[in-house]
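Novice: starting from these lines, generate the structure:
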Amino acid sequence: MQDDMFSAEVPGLLISAPRSGAGKTTVALGMMRAFCQDGLRVAPFKCGPDYIDPAFHAVAAGRESYNLDSWAMSAGMIGALGGLAQGADLALAEGAMGLFDGVATAGACGVGASADIAAMRGWPVVLVLDVSGQAQSAAAVAQGFARFRGDVPVAGVILNRVASARHERLIRGALEGTGLTVFGAVPKAPEVGLPERHLGLVQAQEQADLNVRLDAMADLMRAHVDLGAVRQAARAQATPHHRTPHLLPRPPGQRIALAQDAAFSFVYPHMVAAWRQAGAEIVPFSPLNDDAPDPQADVAWLPGGYPELHAGALAAAERFKAGMRAFAQTRPVHGECGGYMALGQTLVDAAGHSHAMVGALGLVTSFAKRRMHLGYRRAVLRAPMPGVAMGQSLSGHEFHYATILEQPDAALADVTDATGAAVAESGSQRGHVTGSFFHMIAEAGAA
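Specialist: Here you go, the predicted model:
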């Protein structure tokens, strides 16, 4: 990550769509798996603040997937992470929401739209069109997307959820005059998909048949998409772009005890990669297995996840809870979202049952009355947190359904949303313990 130019030698593509739910995840995963089966080295990426999809990418491609985010990350940071495609034959990025969807107010170098990343990385777009319920109108949608931004080339389209051969002919005929390549037409295949829950897909580690599902997606792509033409459409930037110096997230300690299991898995891969690159040692432990953090660690870090689905098991994990409290007496502990809730006093599950958590913070949260909290966050720290000094501005993202019932501790930060409006979820601090509902992505202001 220390070179000062983008990796122009690795061609790439961005798989996007006009909207969420069009099938781009199935297409992206199927392509990743199919290309890997053909012996290609695929470097996967995910646009936007998503910590679930990259885990599926990693299984499909056999290589870590990294988030690229134009609102939260600087151009230098995006270049550094994009440079991790070096050594691959092809970079494949999965977009988020619709191609041009983002927030109203620009952040570090864009509005968080997938199109921003395509433009910055020089990656042409493969547009996945859900054509169910329409025919020739799909051509108008494709043409509109192709013309919307001159710096975002649309290489072609994949027609998804095609109902019949006649349906396909109608759409292909309408697309003939647009100049857009039709890479393929994929029929409706509801059996080829992934289960979901309230924060998105059921996690990769929870699906025992995931490789079978990924192989089925690859088979679907092989049968209905010209993968050779897709690969030929991949491009890299014609010339390297020099970057100003950049800062990747610094490790919170030399030896980091990192909670990792089905309840705590929402950590951005670029965070862990940056920590390791800086020389930090990461020691995983499982709260669900009643593990205590490594007593030789400098810091304990609890990522987000699904503590609400495992509240009973966590409440019964006395060794874990006692170990966390003992650790926090002398060394820093930080929790993000689900990890923050687990560090609190009580978690009330969806059925209204209360479960005793670690108790290192006074936080009481409830899922009995769910309310979605979603969006980018800018946080200016009122107190230091592991690896970050007081007064530092952080960019991040919040996505959860928990309601705060009690938050008696001092606020960790002054938090605002993408428009600059104040957000009530300010995080907490007590002694060596800090926690927040936002997941840190980068230190704001880094070049």
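Novice: what's near enough to touch V267?
Specialist: Neighbouring residues of V267 by CB atoms under 8 Å, 6 or more residues apart in numbering: 51, 258, 260, 303-304, 336. Where you see a C-beta, it was placed from the backbone N, CA and C, and this is true even at glycine.
Novice: apply 7 Å and report the result again.
Specialist: The contact partners of V267, by CB atoms under 7 Å, 6 or more residues apart in numbering, come to 51, 303.
Novice: any idea how far it lies from S436?
Specialist: Going from V267 to S436 by CB to CB, to the nearest Å gives 14 Å.
Novice: residue ranges of the strands in the stretch 251-400 of the chain, please?
Specialist: Using DSSP state E, counting those that start in this stretch, the strands of the stretch 251-400 of the chain run over 255-259, 264-266, 281-285, 299-302, 304-305, 333-336, 346-348, 354-356, 364-366, 373-381, 393-400.
Novice: ranges for the helices of the stretch 51-200 of the chain?
Specialist: Using DSSP state H, counting those that start in this stretch, the helices of the stretch 51-200 of the chain run over residues 53-61, 75-82, 114-121, 137-148, 165-175.
Novice: D298: which of these is closest?
Specialist: helix 75-82 (24.5 Å; CB to CB).
Novice: out of the helices of the stretch 51-200 of the chain, which gets nearest to A93?
Specialist: Checking these against A93 by CB to CB gives helix 114-121 as the closest, at 6.5 Å.
Novice: and that closest one, what does it pack onto?
Specialist: Counting contacts by 3 or more CB pairs under 7 Å, 6 or more residues apart in numbering; DSSP states H and E, helix 114-121 packs against strand 12-16, helix 75-82.
Novice: next, format the ones you listed as CSV and append mean neighbour count, mean pLDDT and distance to L288.
Specialist: Below are those laid out as CSV (neighbours: other CB atoms under 10 Å; pLDDT from 0 to 100; distance: least, CB to CB, whole Å):
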stretch, mean neighbour count, mean pLDDT, distance to L288
strand 12-16, 28, 98, 34
helix 75-82, 24, 89, 30
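Novice: in JSON lines: these, plus distance to R33.
Specialist: Listed next are the helices and strands packed on helix 114-121 as JSON lines, based on distance: least, CB to CB, whole Å:
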{"stretch": "strand 12-16", "distance to R33": "13"}
{"stretch": "helix 75-82", "distance to R33": "22"}
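Novice: of all those, which lies closest to Q392?
Specialist: Minimum separation from Q392 across the helices and strands packed on helix 114-121 (CB to CB) falls at helix 75-82, 15.3 Å.
Novice: quick revisit: would you mind finding the most buried of the helices of the stretch 51-200 of the chain?
Specialist: Among the helices of the stretch 51-200 of the chain, ranked by average contacts under mean count of other CB atoms under 10 Å, first place goes to helix 114-121 (a mean of 25).
Novice: can you give me the mean pLDDT across it?
Specialist: On average, the pLDDT along helix 114-121 is 96.
Novice: closest one to L412 among the helices of the stretch 51-200 of the chain?
Specialist: Comparing the helices of the stretch 51-200 of the chain against L412 with CB to CB, the closest turns out to be helix 75-82 (23.1 Å).
Novice: give me the helices and strands touching the closest one, please.
Specialist: When contacts are defined as 3+ CB pairs under 7 Å, 6+ apart, helix 75-82 sits against strand 66-68, helix 114-121.
Novice: wait, which of those is closest to M221?
Specialist: Nearest of these to M221, taken as CB to CB: helix 114-121 at 20.0 Å.
Novice: centre of the chain versus the closest one, how much separation?
Specialist: Computed by CA atoms, centre = their mean, to the nearest Å, the chain-centroid distance of helix 114-121 equals 16 Å.
Novice: how about stretch 408-426?
Specialist: That offset, for stretch 408-426, works out to 22 Å (CA atoms, centre = their mean).
Novice: run through who's touching it.
Specialist: With CB under 7 Å, 6+ apart, stretch 408-426 has contacts from 71, 103-105, 107, 361-362, 373, 375-383, 385, 398, 404, 427-430, 434, 436-438.
Novice: which among the residues you listed count as buried?
Specialist: When the contacts of stretch 408-426 are checked for burial by 16 or more other CB atoms under 10 Å, the buried set is 71, 103, 107, 361, 373, 375-379, 381-383, 385, 398, 404, 427-430, 434, 436-438.
Novice: tabulate the helices and strands packed on helix 75-82 in JSON lines, adding columns for distance to F56.
Specialist: Below are these laid out as JSON lines (distance: least, CB to CB, whole Å):
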{"stretch": "strand 66-68", "distance to F56": "13"}
{"stretch": "helix 114-121", "distance to F56": "17"}
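Novice: of the helices and strands packed on helix 114-121, which is nearest A96?
Specialist: Nearest to A96, of all the helices and strands packed on helix 114-121, is strand 12-16, at 8.5 Å by CB to CB.
Novice: tell me the angle the closest one makes with helix 114-121.
Specialist: Between strand 12-16 and helix 114-121, the angle comes out at 170 degrees (axes from the mean of the first three to the mean of the last three CA atoms, to 10 degrees).
Novice: tell me what the helix or strand just after strand 12-16 is packed against?
Specialist: Using DSSP states H and E, the helix or strand that follows strand 12-16 in sequence is helix 24-37. Judged by 3+ CB pairs under 7 Å, 6+ apart, the packing partners of helix 24-37 are strand 12-16, strand 42-47, helix 53-61, strand 90-94, helix 210-224, helix 227-233.
Novice: the first one packs against which elements?
Specialist: This means strand 12-16. Helices and strands touching strand 12-16, by 3+ CB pairs under 7 Å, 6+ apart, are helix 24-37, strand 90-94, helix 114-121, strand 125-130.
Novice: for that strand, the distance to its chain's centre please.
Specialist: 16 Å.
Novice: quick one: contacts of that strand?
Specialist: Against strand 12-16 from outside (CB under 7 Å, 6+ apart): 24, 27-28, 85, 90-95, 99, 114, 117-118, 121, 123-128, 155, 233-234, 236.
Novice: show me the helices in the stretch 301-447 of the chain, by range?
Specialist: Counting by DSSP H, counting those that start in this stretch, the helices of the stretch 301-447 of the chain are 311-316, 318-328, 338-343.
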